[in-house]
Structures are given as C-alpha cells and as structure tokens.
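Participant: Here you go, sequence then predicted model.
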Amino acid sequence: MPADLWTAAAIAAATGGTASADFAVGGVAFDSREVGPGDLFVALSGDATDGHRFVEQAYAQGAAGALVSRAADGPHVLVADTTAALDLLAKASRARSQAKVIGVTGSVGKTGTKEALFAALDRVTHGHAHRSVKSYNNHTGVPLSLARLPARAQAAVFEMGMNHAGELAQLTRLVRPDVAVVTTIAPAHTEFFTGEDAIARAKGEIFEGLTPGGTAIVPFDSPHLGTLQQAAAGHAGRIVTFGLRDGADVQAIEHARLPGGGSFVTARIGTREISYTLGSPGDHWVANSLAVLAAVDAIGGDLGVAGLALADLEGLAGRGARTTIAVTGGEALLIDESYNANPASMRATLKVLAAERADRRIAVLGEMRELGEASDAYHAALAVPIDEAGVSRAVLVGQGMLPLAKALEGRIETVHVPDAAAAARVLADLLAPGDAVLVKGSNGVGLARVVASLIAQKAPGQG
C-alpha cells in the first residue's frame, strides 16, 4: 500500500474526529495481531473485547497512528465511536476512488470468485487492482477493506456475505459497486431463512447499491434466476447471465477436464469466443470463471488477459488447494476444502473427488452448520453424491454427521468421530499410497487442523 494511503487530517475530515498530531499511514487494521509498520490501528469495541486494550501493542508493532474513542498515548484521531468512524472512513475512500468496483456475493464460491477476479483485474490493470483479503465480508470486514483502497487503484473487488436479511443492503451501499455478481444460491444459513427463495432475495440485496447504469451478473443455471433478475431490475442498467446451458449471455460452449485437474474452456460472450485453461478443477469453477469474464467484460477489461490469469490461478488454502503428501510407502493427494461447507458445495467438491484417478477416494467430511430444522435431512442426503463419487472410505466429523453415518451403514466403510483431533488420528493410520483424500466441513469444525497435520508430512521434494 502507498505510504500516503491516509493522512491524519484526511482521517479526521472523513470521520469528524480530532487529530492529536500529523501522521500518515500506509495500511489499516483492526486486529492488533495484523498491525505492521506504518499502519492505522482501529480500536473497535465489541461484546467480546475492546480494541483500546491493544493500542499500546499496536504502537509497539509499528502503527503510525490509531483511531480511538479514548485518548491514547501516541498519534491518534479521537472520535465518538470507532465502529461508526470506520464506516465513515470507508465511505470517504469510496468517494475519492476512480476505480471500477465489483461486488461479489453468493452462497457458494464468492471468495474463490473474488480471488479469481482480483487475479484477472490485477493483470488487466498492470498491478493497479485491489481486493478484500481473507473472507473479510461482514459489517466490519467490508469497511476495513474499503478503507484500505488506494486512491490510485484502477479496479477493486469486494466480497460481501450475510446470514440475515438486510445485511447485504447495508454493505452494498458502502461499496457502491459498478458491477454486482451473485455466484450461486444454495442452502446456507438456512436456520435464519424460510427457504432458498428467501436466501435468493437476500442475496439480491447486493443490487441495491449499484451505481447508476451498473451491471448485475446472475447465474443462468440457477432455479432462482427469476428472483435474482427481479431483484436487479429496479437497480441495474444491464443484467448479464452466465452459465453452462444454452441461453446464457456468457456461456461455456465447451469444457473438458485436463489431466491433473483443471479444465479447458471455450466460452461465448455475445458474438465473441474465448478459449482458456482453468487451473482449478470442477464444473463449479467453470461457472465461476464465466462470472469472472462477465465482470471483466462489464468494466471494459481485456478478456484475453483475464483468461491468462485464470490459467495461472491455483486452488486457495481451504478452498481447493491440492497438495501431494507423504504417507507410509509413498504419496497421496490432499484436496483441501476445509474452510466451509453447505449441501451444494459438498456435492460440487465430491464431484471433483470423483474425477480423480486414485487407488482409493477418501472423504473426510465435517458437519454443515446453520442449516436449521432440515439439518439432518441435508446431511443424510450426502450419501448419494458420496456413492456417485466412488468414495471407498468416509471419515465423518461432528455430531451433525450422525444422520449421514446411519445412511452409509452397509454401503462403504465409515468412521464417525467427534472432532478434528480424532479425525487426524484416524487418518494417520488410514492413508496409503495412491489415495486421494478430500477434507471439507464447516469452518467451526476445525478441519484446517487436519489439513495442517497432513501437509506437515509433505512429500519429499516439495517446499
């Protein structure tokens, strides 16, 4: 980030605060553990903790200033409420920016699509693109990501998430995207919604913040296409569909799996065609790549350059990263999907596992959370895609997986364990050379620890 991302005077003007001294910052953070030299530390106060407790630590780590609601012993801007001030800083950042801004949401694939979009935009703009990092997609993560937007950025992409109606409406009015993308609608956070159509309507809130004449990009293959088009109609200057079926504005007219994963795709965008290699495997990634191309096209970007970026994009940690690991007597393939899970993403990644040429396919699946009263049925229904994937061993993690364990009785060898630590112990004795093992579950199950323990056994010759 540039050293002059924000000056004390600009922060004070944006937030209505009072600066104790002149200073300039090159970054913004609200987690004291992430503060680096030259950053602005925002001391947020919440139910669990008060960021003001960590102001001294932030200075010790090199923070150039702090945004506080109580006077600090160092350069700072004093405001009445730091959470409200962060929103105001985000609004000021968006107001001064000339970047083309893209917002991304969806039940499945939003982080991966955001990362793929950034890779494409960064190449198209020759390094002048910005994105929200990690999964900073909520009421604090989105304004933080906006506050980090360099004034000279040419393009920016922001992920926006929600688990209740009304949340996206607030976030999109901060981001004010020129292009808004919905990836997929699927059962997620269903304990807070009456059904998938309600989820679709909540996701459609992203269109409410579109800039005048902005573009809405929606999944053509979704049963909720009509709901999303209706949500976009009153806000978008143009609605663009993407998908694998005939009729989509951006359509994959051919796609074939490549040896070792990934796909070769030929896509039609209006009257144009583009062929590209996609580094990440699975039909869901083919669909995600079409959304990326639609968004790049909507801002006038070079599709050929975007296609090159998609070829270089590898799986993200927790979202499809593939690693060769050492096991007794040889090597096995690890597919890391440990970050999150819902019924749709479980099915999609089991299809990826099915495509692997392996001696055995092993699925380590953690429970899917926030599914409400239908949770047992959603879990039990995974028996079908597990069968279709040719899984020979299943390790099921968490109490929520009990219905699936019962559904798999007599079909394949299954181990049901209470937690991630127990799963790691089972895998230590289970894996053999030639295996392909998929690890996927809701983030709270902690399967990332299982992945870490397996990667610690990385095969010889790998870094």
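Facilitator: It's in.
Participant: Show me the residue sitting in the middle of this structure in space.
Facilitator: T111 (1.6 Å; CA atoms, centre = their mean).
Participant: show me what contacts that one?
Facilitator: 135, 137, 159, 316, 319, 339 (CB atoms under 8 Å, 6 or more residues apart in numbering). (Each C-beta comes from the backbone N, C-alpha and C, glycine too.)
Participant: got the phi/psi numbers for the first one?
Facilitator: Comment: the main-chain dihedrals of S135 come out as phi -120, psi 50, following degrees, to the nearest 10.
Participant: Identify the residue nearest G62 in space, chain neighbours excluded?
Facilitator: Excluding the flanking residues, the one nearest G62 by CB to CB, 6 or more residues apart in numbering is P37, at 3.3 Å.
Participant: okay, now that neighbour: neighbour count?
Facilitator: 10 (other CB atoms under 10 Å).
Participant: Relative to G26, how far out is it?
Facilitator: Distance from P37 to G26, counting by CB to CB, to the nearest Å: 8 Å.
Participant: ok, now A287?
Facilitator: The gap separating A287 from G26 is 37 Å, by CB to CB.
Participant: re the thing from before, of the contacts of T111, the lowest pLDDT goes to which?
Facilitator: Lowest pLDDT among those: L316, with 69.
Participant: so the residue nearest to the centre of the chain is in which element?
Facilitator: T111 belongs to helix 110-124 when assigned by DSSP states H and E.
Participant: Check the offset of that helix from the chain's centre.
Facilitator: Helix 110-124 sits 11 Å away from the centroid of its parent chain (CA atoms, centre = their mean, to the nearest Å).
Participant: which element follows that helix toward the C-terminus?
Facilitator: Assigned by DSSP H and E, the successor of helix 110-124 is strand 129-131.
Participant: any idea of the mean pLDDT for the helix or strand that that following strand is followed by?
Facilitator: Next helix or strand after strand 129-131 toward the C-terminus (DSSP H and E): helix 141-147. Averaging pLDDT along helix 141-147 gives 96.
Participant: Against S442, how distant is the residue nearest to the centre of the chain?
Facilitator: Noted for T111: a distance of 14 Å to S442, by CB to CB.
Participant: E56 now?
Facilitator: Between E56 and S442 the computed distance is 36 Å (CB to CB).
Participant: do the same with V305
Facilitator: Distance from V305 to S442, by CB to CB: 36 Å.
Participant: Compare the two (neighbour count), which wins?
Facilitator: Between V305 and S442, counted using other CB under 10 Å, the more crowded position is S442 (22 against 15).
Participant: rewinding a little: just name the closest of the contacts of T111 to I299, please.
Facilitator: Each of these was scored against I299 by CB to CB, and E159 proved nearest at 17.0 Å.
Participant: wait, what's in contact with the closest one?
Facilitator: 103-105, 110-111, 114, 132, 135-137.
Participant: now with 10 Å?
Facilitator: Counting by CB atoms under 10 Å, 6 or more residues apart in numbering, E159 makes contact with 102-106, 110-115, 117-118, 131-138, 141-142, 145, 171, 175, 181.
Participant: Pull out the buried residues from those residues.
Facilitator: Buried members of the contacts of E159, counted by 16 or more other CB atoms under 10 Å: 102-106, 110-115, 117-118, 131-132, 135-138, 141-142, 145, 171, 175, 181.
Participant: all strands of the stretch 1-150 of the chain, in order?
Facilitator: 6-7, 18-19, 24-25, 27-29, 39-42, 65-68, 76-78, 100-105, 129-131 (DSSP state E, counting those that start in this stretch).
Participant: right, so these: which one is the most enclosed?
Facilitator: Mean neighbour counts were compared across the strands of the stretch 1-150 of the chain using mean count of other CB atoms under 10 Å; the top stretch is strand 100-105, at a mean of 29.
Participant: and that strand, which strands flank it?
Facilitator: Strand 100-105 has the following strand partners under DSSP bridges: strand 155-159 (parallel), strand 179-182 (parallel).
Participant: Rebuild those as TSV, extending it with distance to G279.
Facilitator: Formatted as TSV, these follow (distance: least, CB to CB, whole Å):
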stretch	distance to G279
strand 155-159	18
strand 179-182	20
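Participant: of those, which approaches V417 most closely?
Facilitator: Of all those, it is strand 155-159 that lies closest to V417, at 32.1 Å by CB to CB.
Participant: Could you list the buried residues of that closest one?
Facilitator: 155-159.
Participant: Likewise for stretch 435-454?
Facilitator: In stretch 435-454, counting by 16+ other CB under 10 Å, buried: 435-442, 445-448, 450-451, 453-454.
Participant: Quote the end-to-end distance of it.
Facilitator: Separation of the first and last residues of stretch 435-454 by CA to CA, to the nearest Å is 13 Å.
Participant: same deal with stretch 158-166?
Facilitator: Terminal residues of stretch 158-166 lie 18 Å apart, using CA to CA.
Participant: likewise stretch 67-84?
Facilitator: Start-to-end, stretch 67-84 (CA to CA) is 11 Å.
Participant: buried stuff in it?
Facilitator: Those would be 67-69, 72, 74-79, 82-83, for stretch 67-84 by 16+ other CB under 10 Å.
Participant: Show me which of the residues you listed is closest to A363.
Facilitator: For the buried residues of stretch 67-84, the nearest to A363 is T83 (41.2 Å; CB to CB).
Participant: now that we're looking at that closest one, how far away is A423 from it?
Facilitator: 38 Å.
Participant: Going by contacts, tell me the helices and strands next to the strand or helix carrying R268.
Facilitator: According to DSSP H and E, R268 maps onto strand 263-269. Here strand 263-269 touches strand 238-243, strand 250-257, strand 272-278, helix 283-298, helix 303-312, going by 3 or more CB pairs under 10 Å, 6 or more residues apart in numbering; DSSP states H and E.
Participant: Of all the ones you listed, which one is nearest A407?
Facilitator: helix 283-298 (23.6 Å).
Participant: List the residues that are in contact with both of P37 and G26.
Facilitator: Common neighbours of P37 and G26 (criterion: CB under 10 Å, 6+ apart): A64.
Participant: got the CA positions of the helix holding T111 in CSV?
Facilitator: Presented in CSV, the C-alpha positions along helix 110-124 are these (Å, rounded to 0.1, in the frame of the first residue of the first chain):
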residue,chain,number,x,y,z
LYS,A,110,-17.8,-16.0,-3.5
THR,A,111,-14.3,-16.0,-2.0
GLY,A,112,-12.8,-18.1,-4.9
THR,A,113,-14.6,-15.9,-7.5
LYS,A,114,-13.3,-12.8,-5.7
GLU,A,115,-9.8,-14.1,-5.8
ALA,A,116,-10.1,-15.1,-9.4
LEU,A,117,-11.5,-11.7,-10.3
PHE,A,118,-8.6,-10.0,-8.5
ALA,A,119,-6.1,-12.1,-10.4
ALA,A,120,-7.7,-11.1,-13.7
LEU,A,121,-8.1,-7.4,-12.7
ASP,A,122,-4.5,-7.2,-11.4
ARG,A,123,-3.2,-8.4,-14.7
VAL,A,124,-5.6,-6.3,-16.8
